[in-house]
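Chemist: 3D model of this:
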Amino acid sequence: MYKNYIFDLYGTLADISTNEWKHSLWKNMAMIYSMNGAAYTPAELKNGYYRLLKKQIERIPPEKYTTHPEPQISYVFEELYTEKGVACDSAMAAATGRTFRALSLNYIRLYPGVHELFDAIHAHGGKAYLLSNAQRIFTEPEIRMLGIYDCFEDIMISSDVGCAKPDIRFYQCLLRKHRLKPEESIMIGNDYITDIRGSHEAGLDSLYLHTNISPDIQGELLARYPIMSGSLFEAIEALFPETP
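Modeler: You can find the predicted model right below:
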């Protein structure tokens, strides 16, 4: 039995649908920026957002990552103000980012079995950690809204670290911070590359859940890593077979 259970979030614990391409999102965000003194058309704001996002990725020092750099998207929302001569602090940038996220969401909800899985982990003396490719200004409010924030010993988000799964450095950050032994830890996720291949390269066992938003799996990978396809209830049976 493992001592440490490391979770992905989106597609593993939470079902989510977003659309950052819809015109209404950029129309409403342009209105918000303009109300705050930074006048944008929807097209200008959209182009500026992706231009500055690329710029933020390029600014990440190479020593922070091996293969997958992760920017701080809050800086993008801040620079969209400053390019128009409007002063913007971190709180204003975060609030703007949360608004952007809310407008882009179609839905977000927990998969069935999340609370039961956490109950089983804690009943067996285990500890749960989150390792998510995400943005702090989006993800932390969503975790709190979903009611699972306090289920984790720690929440590590790629935007804070500067790299993302499957980059081995992201896994190592969590392992080093909490002095976790790889042989006592398991990664649970829905992405066969970022969660399964990445965790194996970091020396961890893994449990794969194929959910409605899992990327397609390339056939040659199936022979290399163990696979489990199913629900979180099936994960409970696999991890804790003695649980009633």
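
Chemist: which stretches of this structure form strands?
Modeler: For the chain, the strands defined by DSSP state E cover 4-7, 14-18, 105-110, 127-132, 154-157, 185-189, 205-208.

Chemist: now do the last one: distance to the chain's middle.
Modeler: Going back to what we said before, that points to strand 205-208. 17 Å (Cα atoms, centre = their mean, to the nearest Å).

Chemist: the third one now?
Modeler: If you compare the mean C-alpha spot of strand 105-110 with that of the full chain, they lie 14 Å apart, counting by Cα atoms, centre = their mean.

Chemist: quick one: buried residues of that strand?
Modeler: When neighbours are counted by 16 or more other Cβ atoms under 10 Å, the buried residues of strand 105-110 are found to be I108. Where C-beta positions appear, they are placed from N, C-alpha and C, glycine not excepted.

Chemist: that one pairs with which strands?
Modeler: strand 14-18 (antiparallel) (DSSP bridges).

Chemist: now the last one
Modeler: According to DSSP bridges, strand 205-208 forms sheet pairs with strand 185-189 (parallel).

Chemist: same question for the fifth one.
Modeler: If you go by DSSP bridges, strand 154-157 pairs up with strand 127-132 (parallel).

Chemist: contact partners of the strand it pairs with?
Modeler: 3-10, 118, 121-122, 139, 143, 151-158, 165, 170-171, 174, 178, 180, 187 (Cβ atoms under 8 Å, 6 or more residues apart in numbering).

Chemist: just name the most buried of the strands of the chain.
Modeler: The highest average neighbour count among the strands of the chain, using mean count of other Cβ atoms under 10 Å, belongs to strand 185-189 at a mean of 26.

Chemist: dump that strand to PDB, keeping only the CA atoms.
Modeler: Output for strand 185-189, consisting of C-alpha atoms alone and laid out as PDB, is shown next (Å, rounded to 0.1, in the frame of the first residue of the first chain):
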ATOM      1  CA  SER A 185       4.200   7.200  -3.900                       C
ATOM      2  CA  ILE A 186       1.800   6.800  -6.800                       C
ATOM      3  CA  MET A 187       0.600   9.300  -9.500                       C
ATOM      4  CA  ILE A 188      -3.000   9.200 -10.500                       C
ATOM      5  CA  GLY A 189      -4.000  10.900 -13.700                       C
END
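
Chemist: ok, now which ones touch R59?
Modeler: Contacts of R59 (Cβ under 8 Å, 6+ apart): P71.

Chemist: so how far is Y192 from it?
Modeler: Using Cβ to Cβ, to the nearest Å, one gets 30 Å for the distance from R59 to Y192.

Chemist: what's the answer for E70, then?
Modeler: 20 Å.

Chemist: one more: L131?
Modeler: The separation that L131 has from Y192, given Cβ to Cβ, amounts to 16 Å.

Chemist: and the longest helix for the chain?
Modeler: helix 42-59 (DSSP state H).

Chemist: which parts of that helix are buried?
Modeler: Judged by neighbour count using 16+ other Cβ under 10 Å, the buried positions of helix 42-59 are 42, 45-46, 48-49, 52, 56.

Chemist: same list, the residues you listed, but as CSV with pLDDT and distance to L80 please.
Modeler: Output for the buried residues of helix 42-59, formatted as CSV (pLDDT from 0 to 100; distance: Cβ to Cβ, whole Å):
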residue, pLDDT, distance to L80
P42, 98, 13
L45, 98, 7
K46, 98, 11
G48, 98, 6
Y49, 98, 7
L52, 97, 7
Q56, 94, 12
